[in-house]
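**Q** sequence first, predicted model second:
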Amino acid sequence: LLLLLVLILLAATAEAGKNKKEKARKDGSECEDWHWGPCIPNNRDCGPGHREGSCKDETKKLRCKVPCNWKKKFGADCKYKFEGWGGCSAQTGVKTRSGILKKALYNAQCEDIVYVTKPCASKIKSKSKTKKGKGKD
């Protein structure tokens, strides 16, 4: 009885493996070395769009989305981990921080380290102390 149960499980596992292979063939491609282009938004510079991929003689289009808060300079497929902002440079009036590449999606060509600058605050923000007026008790 135990041997019969093992045979049934093996047959089910083999059938599941065949289904996975059939699903891979349903998309019409056995190619494994796909090269994908950047996500190109349908309208303006962010939102839903598409990316094209090629492998040997085949081409495909995938739906994708470019976040509207992405750093255009780096591309939407390059994900970086940024450190804190450095001090303000008195000479240039900007502060800088660096980002180290965390992930490159769809084999995107990304720089390993990027630098971002932003203007320093023109005025030093200080907490204003407001005097509380005397109220009626």
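**A** Done, it's in.
**Q** direction included, what does the lengthiest strand in the chain pair up with?
**A** Taking DSSP state E as the assignment, the strand of the chain that covers the most residues is strand 94-104. With DSSP bridges as the criterion, the sheet partners recorded for strand 94-104 are strand 78-82 (antiparallel), strand 113-119 (antiparallel).
**Q** how is this structure divided into domains?
**A** Here the domain assignment for the chain is 33-67, 75-120, based on the TED database.
**Q** nearest to Ala12 among those domains would be which one?
**A** Checking the domains of the chain against Ala12 by C-beta to C-beta gives domain 33-67 as the closest, at 31.3 Å. Yep, even glycine has a C-beta here, placed from its N, CA and C like the rest.
**Q** how about the closest one, which residues are buried there?
**A** Buried positions in domain 33-67, judged by neighbour count with 16 or more other C-beta atoms under 10 Å: 34, 36-39, 41, 46, 49, 51, 53, 60, 64, 66.
**Q** so which of the residues you listed comes closest to Ala121?
**A** Each of these was scored against Ala121 by C-beta to C-beta, and Cys46 proved nearest at 27.5 Å.
**Q** distance of the closest one relative to Lys65?
**A** When distance is defined by C-beta to C-beta, to the nearest Å, Cys46 is 8 Å away from Lys65.
**Q** likewise for Tyr106?
**A** In this view, Tyr106 and Lys65 are 13 Å apart by C-beta to C-beta.
**Q** Thr92 now?
**A** From Thr92 over to Lys65 the distance is 36 Å, taken as C-beta to C-beta.
**Q** quick revisit: just say which of the strands paired with strand 94-104 is most tucked in.
**A** strand 78-82 (a mean of 16; mean count of other C-beta atoms under 10 Å).
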